[in-house]
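got a structure for you, letters missing:
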């Protein structure tokens, strides 16, 4: 395996918009709701293709989510789109009480997730959405990475009967990634196995993780990589297997280290395979305006920070075993 | 007996069931349940196109109890209408019961939308009304909200949407009982001219006596006109209606009905109208 990403890639939100159009032409039950950000989230493509099945609710996220709940009870498949922050927090009670609470077939698309709305700053960046959505009983939570995986995940989310939260970045993702097996909800995707440390990642961080992997491989370390596009239900066997082989784990996510992938991994490993873990992610603080690469780096989400965390956790493992 | 008297007698029966349920449960919201008995019974007894033996019939009219704490009233009405055995009413709020403290569409036949957290019902109704239009179906959607509940801003978001889409298949009914948990609505958070506000949000508005089934029936008939605008019926009611010591009292929003209170309530409700 090589870490190189040959392809140019595409904005993940654009892939979302195109895929919705594709699926919308095959299934008339699909309707799309947006809250005045359709030209940002790219659901405007669906609006253009199927104007009668697109509903712009204006800046009323809570109202939009409740309306989607109502639609779903009448047999439609509502796809609700806005920024991940507003979907998870402004409409959090509606997601909990109606969508998750009644197990309704509503698809929640959280756009501009993580720090990907970099220039707008903390008010628009979403570092809490996975934590909030993961704790909702019955919610399926997906954070796809590459373009191909995003297409597959949108399709799978719509085919799945029940509430789904799908996390989408504003920014460019690679066309494909070197992953094992097809995308399926609830199934982690191993890239490679390793005996020194396992890097466990989700969403759009895989290219950065692969850069860290290449650097450590070159130093002679044996590094496993496991991509976890479904945060919930979590693929516990795959996670335990990677932890058992490596004995040390680093989690990498463009999300707070509280409540997201890092927490999910720690919860699982503490119960089934106690293993030292270091969580790479946004520290317990808000985001900031800046260049995308710069603010990711300041949050510790560049390849060299991942390498530092990996070496720390390997040292922890050795200390525990000595 | 005249039709009007039959309805009144049925409502007295429903009130008895509500206080029986609250007493058996040891908790529950009597005040807001007793204020909407005539509204619910006029809907389910005369207006709604439903099939109790087929609660998920796709062409049924939808009803959303947005003020979900009035669940005891809705349960009593659904049982009366034949959606489930009235014997179930004694299980309200008990462990394992299908009758939860607030409506749960996954547990109770006849509940079209779960509720409890206030202010969400009209929005859900907007979604259902849009779905009806998209499918070319002629079912109607009715949503009951409380006047205190209208303090939640989402109601007004929902009404802008109902107005934008011209949802004349949507009827919002306000149970205007004037009292909320902490006191009179006019003290806790005054809502001002509710009919005027509804009209300004683009709804056709009509008021009526919310304890007069004939007036309610006429208002609900008026609301079926396809005018291109959503409808609102502002039903003037009394919180705790039918039990003198509960009437208009915020203390009875959610207070448990102990032995002495239950005895007094039942004595008053034993008197035929």
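Sure, I can see it. Predicted model, so just to flag it, every value in this text is computed and none were measured. Numbering: from 1, shown residues only, chains lettered A, B, ... in the order given.

Name the residue of chain B that lies nearest to chain A.
Here chain B gets closest to chain A at one residue, residue B:127, 2.7 Å apart by CB to the nearest CB. Quick note: C-beta positions are derived from backbone N, CA and C, even for glycine.

Spell out which parts of the stretch 1-150 of chain A neighbour chain B.
Listed as neighbours of chain B in the stretch 1-150 of chain A under the rule CB under 8 Å from any CB of the partner chain: A:31, A:52-53, A:55, A:57-58, A:60, A:62-76, A:78, A:93-94, A:96-98, A:101-103.

out of those, which are buried?
The neighbour count (16 or more other CB atoms under 10 Å in any protein chain shown) marks A:31, A:53, A:55, A:57, A:60, A:62-74, A:76, A:78, A:93-94, A:96-98, A:101-103 as buried among those.

which residues of chain A fall in strands?
In chain A, strands defined by DSSP state E lie at A:10-11, A:30-34, A:54-56, A:77-83, A:107-111, A:140-142, A:164-167, A:172-173, A:189-192, A:197-201, A:223-227, A:230-232, A:249-256, A:277-282, listed in chain order.

could I get those as TSV with mean pLDDT?
TSV is the format used below for the strands of chain A (pLDDT from 0 to 100):
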stretch	mean pLDDT
strand A:10-11	96
strand A:30-34	98
strand A:54-56	98
strand A:77-83	98
strand A:107-111	98
strand A:140-142	98
strand A:164-167	98
strand A:172-173	96
strand A:189-192	97
strand A:197-201	98
strand A:223-227	98
strand A:230-232	98
strand A:249-256	98
strand A:277-282	98
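
can you redo the ones you listed as JSON lines with distance to residue B:60?
Compiled in JSON lines, the strands of chain A are given as follows (distance: least, CB to CB, whole Å):
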{"stretch": "strand A:10-11", "distance to residue B:60": "43"}
{"stretch": "strand A:30-34", "distance to residue B:60": "21"}
{"stretch": "strand A:54-56", "distance to residue B:60": "23"}
{"stretch": "strand A:77-83", "distance to residue B:60": "20"}
{"stretch": "strand A:107-111", "distance to residue B:60": "25"}
{"stretch": "strand A:140-142", "distance to residue B:60": "29"}
{"stretch": "strand A:164-167", "distance to residue B:60": "27"}
{"stretch": "strand A:172-173", "distance to residue B:60": "44"}
{"stretch": "strand A:189-192", "distance to residue B:60": "44"}
{"stretch": "strand A:197-201", "distance to residue B:60": "48"}
{"stretch": "strand A:223-227", "distance to residue B:60": "46"}
{"stretch": "strand A:230-232", "distance to residue B:60": "34"}
{"stretch": "strand A:249-256", "distance to residue B:60": "42"}
{"stretch": "strand A:277-282", "distance to residue B:60": "48"}
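
Of all these, which one is nearest residue B:1?
The closest of those to residue B:1 is strand A:77-83. By CB to CB, the value is 47.1 Å.

Give me the neighbour count for residue 214.
Picked chain A for this. By other CB atoms under 10 Å in any protein chain shown, 16 other residues sit near residue A:214.

The intended chain is chain B.
Neighbours around residue B:214, by other CB under 10 Å: 16.

any residues touching stretch A:170-179, and which ones?
A:1-2, A:5, A:7-13, A:15, A:40, A:111-113, A:116-117, A:145-150, A:189-191, A:204, A:206-207, A:210, A:227, A:292 (CB atoms under 8 Å, 6 or more residues apart in numbering or on different chains).

show me what contacts the residue in the stretch 101-250 of chain A that chain B sits nearest to?
Distance from chain B to each residue of the stretch 101-250 of chain A (CB to the nearest CB) is smallest for residue A:102, at 4.5 Å. Applying CB under 8 Å, 6+ apart to residue A:102 gives the contacts A:69, B:104, B:105, B:106, B:113, B:114.

OK, contacts around the closest residue to residue A:186 other than its chain neighbours?
Nearest residue to residue A:186, sequence neighbours excluded (CB to CB, 6 or more residues apart in numbering or on different chains): residue A:233, at 4.6 Å. Residue A:233 sits next to A:140, A:185, A:186 when contact means CB under 8 Å, 6+ apart.

From residue A:102, how far out is the residue nearest to residue B:98 when sequence neighbours are not counted?
Using CB to CB, 6+ apart and skipping residues adjacent in sequence, the residue nearest residue B:98 is residue B:107, 4.6 Å away. Distance, residue B:107 to residue A:102, by CB to CB, to the nearest Å: 10 Å.

gap between residue A:13 and residue A:144?
In terms of CB to CB, residue A:13 sits 12 Å off from residue A:144.

Could you name every residue contacting both of the two?
Common neighbours of residue A:13 and residue A:144, counting by CB under 8 Å, 6+ apart, are residue A:168.

So for those two, which sits in the more crowded spot?
When residue A:13 and residue A:144 are compared for neighbours, residue A:144 comes out ahead with 29 against 25, by other CB under 10 Å.

What is the neighbour count of the closest residue to that one other than its chain neighbours?
Using CB to CB, 6+ apart and skipping the chain neighbours, the partner closest in space to residue A:144 is residue A:153 (3.9 Å). Residue A:153 has 27 neighbouring residues, counting by other CB under 10 Å.

my read: residue A:153 touches residue A:182, true?
No: contact criterion CB atoms under 8 Å: residue A:153 and residue A:182 do not qualify, at 11.1 Å.

So which bits of chain B are right by chain A?
B:58, B:62, B:64, B:104-106, B:112-117, B:120-121, B:123-132, B:134-135, B:141, B:154, B:157-158, B:160-161, B:164-165.

Now residue A:37. Nearest residue, chain neighbours left out?
Nearest one to residue A:37, counting by CB to CB, 6+ apart, is residue A:82 at 5.6 Å.

residue boundaries of the helices in the stretch 101-250 of chain B?
Remark: helices assigned in the stretch 101-250 of chain B by DSSP state H, counting those that start in this stretch are B:121-135, B:154-164, B:185-188, B:194-200, B:213-222.

Buried ones in the third one, by neighbour count?
Judged by neighbour count using 16+ other CB under 10 Å, the buried positions of helix B:185-188 are residue B:185.

Looking at residue A:101 now. What's its pLDDT?
Per-residue pLDDT puts residue A:101 at 96.

Grab the nearest non-local neighbour of it.
In this structure, residue A:101 finds its nearest non-sequential neighbour in residue B:114, 5.4 Å apart by CB to CB, 6+ apart.
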